[in-house]
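Enquirer: Dropping the sequence and predicted coords here.
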Amino acid sequence: MKKIFSIIFSVSILAFVTNVYADGHKHPVTGELLADDQTFTYWALDEHSSIDPQIVEDVSGSDIIRDLFEGLLNQDADGNLVPGVAETWSANDSKDVYTFNLRKNAKWSNGDSVTAHDFVYAWQRAVDPSTASPYSWFMEIMSIKNGAEAISGDVLPSDLGVKAIDDYTFQVELTASLPYFAAMTTHATTFPTHKGVIEKHGSDWTKPGNMVSNGAYVLTEHVINERLVRERNPMYWNNDDTILEKVVALVIPDENQGLTRYMAGELDKGPVPTGQFKKLKAEYPDQAVSFPRLCNYYYTFNLSDSGIEAFQDVRVRKAMAYAIDRNVITEDILQAGQIPAYTFTPGATAGFDVPSVAFSKMSQDERDARAVELMEEAGYGKDNPLSFTMIYNTSEGHKKIATVMAQMWKQKLGINATMENTEWKTFLDIRGKQDFEIARGAWCGDYNEASTFLDLLTTPSGYNDGKFTNAAVDKLMTDAKTAGDSTINYTTVERILAAEMPVIPIYHYAGVFMLNKQLKGWPFDNVEQNWYSRNLYKIAK
Amino acid sequence: MIIPKDKISNLSKNLSQMNEVKGRSLWQDAKIRFFKNKAALFSLVTLLIVLLFSFIGPFFATWSNEEIDWSVLGDISTLGYPSIETGHYFGTDELGRDLYSRVIQGTKISLMVGIIGALIAVIVGTIYGAIAGYFGGRVDSIMMRIVDILMSIPYMFVLILLLVIFGRSIFMLFVGIGLVSWLDMARIVRGQTLSIKKKEYIEAAITIGVSHFTIIRRHIIPNLLGVVAVYATLLVPGMILTESFISFLGLGVQEPNTSWGALISEGAGTMRYGTLWQLLFPLFFFVICLFSLFFIGDGLRDALDPKDR
Amino acid sequence: MIKFTLKRLSVAIPTILILIIISFLLMYSAPGGPFTSERPLPEQVLKNINAKYGLDQPMYIQMFNYVRGIVTDFDFGPSFRYKDRSVNDIIAQGFPVTLKYGTWSFVIAVLFGVSLGIIAAIKQNTFLDYFAVGFSISAQVLPNFVMAPILVLIFTLWLGWLPGGGWEGGKIQFVIMPVIALSTSYMASIARLTRSSMLEVLNSNFIRTARAKGIPKYKIIFSHALKPTLLPVISYLGPAFVGMITGSVVIDMYFSTGGIGLHFVNGALNRDYSTIMGITILVGCLTITFNLLVDILYAWIDPKIRYDS
């Protein structure tokens, strides 16, 4: 079999297909004594945009939807695929027709059976222009037949390449061979929705009382900007294995306040404000947690015509990248297990070997010395200092990093960098129009694969705000789509990036939060951080 | 354009003489009364000391307001405390920058914001409110509906547009603050004017044919100054803090420059993490200046009260 | 007065229309739109969304449809940000919250503020006066974004008496801290305005006459001095009440109350046009209503006040 992606989601059905015993006081697998109060309360920075599976676009909304709804497949604690509503699934040899066999005991919270027709309805709904789903593009990249055409209104949504062969067999036809297609069905956009309920209540169907869902929990309360409560769904097919009774999301828009309330015992999962991790870890070693995430943080040069002359010179770009002491940023400012970045792609990405690019091997002193040389070669120095403005969106963390970078450039290279912050939408507008000189950027992977990052720096990418263009990179990334093993393509691209330095990688994210030590089962090893409340439980003190 | 210098100096001489002749009874008296008020005088001196400090202070600083002390960065709560030895008299902020220098620099900005903002409010608000209240009827109705609208429009968009159209600068910060600061003042002044204009002496002035403009200037406004002075001092803290919100949108003060509002809000964010000095130093300056301004406001009110004459 | 009220109410409609037009213009000229995001949406997807929300039409048509929706169905449209919710939902959920803690704050601020101001004025230059002035200045200079976290630290983390935030339908324990944090600075302003206004009134001729006649002091204060004292205070209270019941973003942020203060600021930051318009119209209606009430109160306080020219 040809592998396009080096990661393959191996099918590992979890061993614990067991029941919670009637007394409910011991965890059925681990035997840990369970707490009487099985309520999990977690902190959310912002109100989610929607809890309609076909409409949702943000992480916090998807977290809720994974509890309320269940798609064809789920992820386990390591990110491997496990059965959801589909018990088994298979693809034809050319990997462009996928068939899912649904379990017969899956039920909606109103008692109706979950059938293949529900999936057909939901998937057609996702591409229907009248739904206007901001995530309809996800159906497009799933390469479903007639997907793009349905979105643009050229064919009817009913022509989408999905069908219910019978009540419990769901089949998808693709326009291309897609070996990782099954993994994409863990995404909220593909979750089933109940046609009758949506048609009855219209856009009000997501309100508590109206909503009918098929996940382990049902929605019981929702107050915008305050809380969302979901409680055990007794109709869920695997309800016996659900341990947490109630899950509460509290919106607290201030991190420090969130931490205070965590400390006061109001939250089981709370935030760690920038720069406080080290201290919290020392004080609460069993509660402060940190693990690598699939996100990067960088500054991008504007290489288009509207950028400044100096940044067209690769020596300047390199010098500026070299002069940043990333260890200061990760260890002294962020302090929470973030990883200094010398490549665009995070090292935690599956199947990505971090190449040793030129400047990652040097010591910081060597880098600084080289940076000074490069700037001199480029004709800049104390008597002819380089000046530019750097933009970032308003945030305490961004401000800290920008300040430190500006100071490092100033002290080491005599650069005058003026910092300018704006609120988010203005920032996006300015950056998107190339109305900047150097701008902050960050990217989180859509999936666990290096191309989700590296595609950003190709010429046609809509996210390439610095307008970096390199024919070799474009070709390598195009080839990677069809290559058997694309690892080498990615390392080569990273080497080119290190030589051309269109962006300055700063660090790779870490997931950082406070977690009640009674709460167990958090999937730290799931790099996409897709967590399901039904896999969590609270042990007795 | 060339204007003869001597003409200008003549003009200004004339103007200043005019003021003196006309103002003696009112302003001179007020001055004497104000300087008799010990609390107000003490406050004025305090304010001047703070102002002086913001200019002399930098000569004693060992760090600039943007320099990062790399040796304390990463462990501010144990290394960044206030100390004479390290040269950080007020400690450092979260990034190891000298809080002493930052407070001094923030003092300049915030005092300017507070005072200029209050001036705009006083001048625009008083004139606008007095005209609306004095003429009443349709004039009042239109002028006050404009205020109603300005009070209700989404102010944030005005600020964002100012940023996009004119770019960031300190001047635009004042425009942003000035745009709203006078609205409440105008309403208060108008309310007082409505009452004052029905007083016998105003009606008498109208009867003997004194011009409207003169009545407003000579009789209405002096009677308003007490309330205006007190209300102006009430506006100052709000304006100083509004500045940090305007800066959040990108219009105002940008890093590495700072202001009291920004310093206090940073300090408030980290107050639980063992770096309380980051809140206390800027807050201290903010508080003593506002205390001073309040007593000066009260002193002005007492001094300007025409009934005491 | 009835004629006056009716006249004012008839002006309210064009005022709101002008407010809508200005706000529309402001919002649409601001950079970025409701669907601008870190990952620009594919063109076709954006087209579908714009079509769904009617954003593909010229602005004047959008405006017309918007106004028509309000007039015919009292429908303020769907929220562009919270896609499961309509603006009617958001306001119906958020406004009662803000109204509750805002009204409580207002009542407390007025009761305590006015009493404190009167006491301070009557006992001018005594310990009571200094205490009242000191208290009100301290309350005003402590910004609520400093006060809110301090309250939570004390009452939630250390004492464990009150929940650190949330609303839960407005149970008393969730209302206390928001009310304290919101009311203190208004209370302080009211106290200071009352004090200075009362001092001015006590100095005026008619009170001196009353005193000379030997009328008891408390009677002078309550039946003669109080009404004119309240004139400037009431001008301040109109906008202040609107400010309190339309919420404070700081309160909603720090106490997770879910009020419309945060909706308004988030709405502006997210370019959630429909939510901003809905709240702007609400604020506009309240501003117009309360400024009208203030004008009616003026006439009650000072029967000489007339609104015809």
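Expert: Thanks, I have it.

Enquirer: What residues does the stretch 101-250 of chain B have near chain A?
Expert: Residues of the stretch 101-250 of chain B lying close to chain A by CB under 8 Å from any CB of the partner chain are B:I160, B:L163, B:V164, B:R168, B:F248, B:L249, B:G250. C-beta here means a position set from N, CA and C on the backbone, and glycine is covered the same way.

Enquirer: which ones among the residues you listed are found in helices?
Expert: Among those, the members falling in helices (DSSP state H) are B:I160, B:L163, B:V164, B:F248, B:L249.

Enquirer: Show me which of the residues you listed are buried.
Expert: B:I160, B:L163, B:V164, B:F248, B:L249 (16 or more other CB atoms under 10 Å in any protein chain shown).

Enquirer: so which residue of chain B comes closest to chain C?
Expert: Nearest residue of chain B to chain C: B:G137, at 2.6 Å (CB to the nearest CB).

Enquirer: in the stretch 201-309 of chain B, which spans are strands?
Expert: With DSSP state E, counting those that start in this stretch as the definition, the stretch 201-309 of chain B shows no strands.

Enquirer: Okay, now the unreliable bits of chain A?
Expert: For chain A, the stretches with pLDDT under 70 are A:1-24.

Enquirer: Check the gap between the residue in it sticking out farthest from the centre and A:W424 for me.
Expert: Checked against the mean C-alpha position of chain A, the extreme residue using CA atoms, centre = their mean is A:D383, at a distance of 45.3 Å. Distance, A:D383 to A:W424, using CB to CB, to the nearest Å: 39 Å.

Enquirer: B:D29 now?
Expert: Taking CB to CB, one finds B:D29 at 55 Å from A:W424.

Enquirer: Check A:F40 too.
Expert: A:F40 is 30 Å from A:W424, by CB to CB.

Enquirer: Tell me which of the two has more neighbours.
Expert: Using other CB atoms under 10 Å in any protein chain shown, the more surrounded residue of A:F40 and A:W424 is A:F40, with 23 against 17.

Enquirer: Touching, the more buried one and A:L519? I think so.
Expert: Yes. At 6.4 Å, A:F40 and A:L519 qualify as touching, with contact defined as CB atoms under 8 Å.

Enquirer: Kindly point out which residues are neighbours of both of the two.
Expert: A:D268, A:K269, A:L536, A:K538 (CB atoms under 8 Å, 6 or more residues apart in numbering or on different chains).

Enquirer: I'd assumed A:L519 was in contact with A:D286.
Expert: No. Judged on CB under 8 Å, A:D286 makes no contact with A:L519 at a distance of 11.2 Å.

Enquirer: So which of the two has more stuff around it?
Expert: Comparing A:D286 with A:L519 by other CB under 10 Å, the one with more neighbours is A:L519, at 19 against 9.

Enquirer: so how far is chain C from that one?
Expert: 19 Å (CB to the nearest CB, to the nearest Å).

Enquirer: Tell me which two in the buried ones among the ones in helices among the residues of the stretch 101-250 of chain B next to chain A are the farthest apart.
Expert: Farthest-apart pair in those is B:V164 and B:F248; separation 15.5 Å (CB to CB).

Enquirer: Tell me how many other residues surround whatever residue of the stretch 101-250 of chain C ends up closest to chain A.
Expert: The nearest approach of the stretch 101-250 of chain C to chain A comes at C:G164, 4.1 Å away (CB to the nearest CB). C:G164: 29 surrounding residues under other CB under 10 Å.

Enquirer: Let me know the pLDDT of it.
Expert: For C:G164, the model assigns a pLDDT of 87.

Enquirer: got a list of what it touches?
Expert: Applying CB under 8 Å, 6+ apart, we find C:G164 in contact with A:Q257, A:T260, A:R261, A:A264, A:E266, C:V152, C:T156, C:L157, C:F255.

Enquirer: Out of these, grab the one that's most surrounded.
Expert: That'd be C:F255 among the contacts of C:G164, by other CB under 10 Å, with 29 neighbours.

Enquirer: And for it, nearest residue in space, chain neighbours not counted?
Expert: Residue nearest to C:F255 in three dimensions, not counting chain neighbours: C:G165, with 4.5 Å by CB to CB, 6 or more residues apart in numbering or on different chains.

Enquirer: for the one you found, helix, strand, or coil?
Expert: Secondary structure, DSSP: H, G, I helix; E, B strand; the rest coil: C:G165 is coil.

Enquirer: can you map out the helices along chain B?
Expert: According to DSSP H, the helices that chain B contains are B:5-23, B:29-36, B:38-56, B:76-79, B:99-135, B:137-152, B:155-166, B:170-196, B:200-207, B:212-215, B:221-249, B:260-269, B:277-304.
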